[in-house]
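Peer 1: generate a structure from the sequence data that follows.
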Amino acid sequence: MLKIFICPKCFNYRIVSRKPDAICFHCGATLHNSEIDYIAYSDMSEEERANYKQKFIKRMKMYNEKINSELKEHEVNK
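Peer 2: Sure thing, here's the model as predicted:
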């Protein structure tokens, strides 16, 4: 089964068939398994793929901000 992965650092897509822990060919980061399957991805237009990527980038930035905020709070409470 083909899976669609997306890089959390450079946001490039990669289609992988067998590896559960794929690596980005562009930057070497461990890829995130996206929630879209290959058939849905192949049916998407370039615009839909770009929109999906932008939503992923937004989620990753919000997640990073949350983690950084919690780390700062933890450091203050030490």
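Peer 1: give the buried residues for stretch 48-58.
Peer 2: 52, 56 (16 or more other Cβ atoms under 10 Å). Glycine gets a C-beta too; all of them are placed from N, C-alpha and C.
Peer 1: need the residues that contact that stretch.
Peer 2: 6, 11, 13, 32, 34, 36, 41, 44 (Cβ atoms under 8 Å, 6 or more residues apart in numbering).
Peer 1: can you select the buried ones from these in ChimeraX?
Peer 2: Typed into ChimeraX, the line below selects the buried ones among those, using 16+ other Cβ under 10 Å:
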select :6,11,13,32,34,36,41
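Peer 1: now, the contacts of stretch 48-58 that are in strands?
Peer 2: 6, 13, 32, 34, 36 (DSSP state E).
Peer 1: surely the last one is in contact with residue 6?
Peer 2: Going back to what we said before, that points to residue 36. No: look at residue 36 against residue 6 with Cβ atoms under 8 Å: they stay out of range, at 9.2 Å.
Peer 1: nice, that's everything, thank you.
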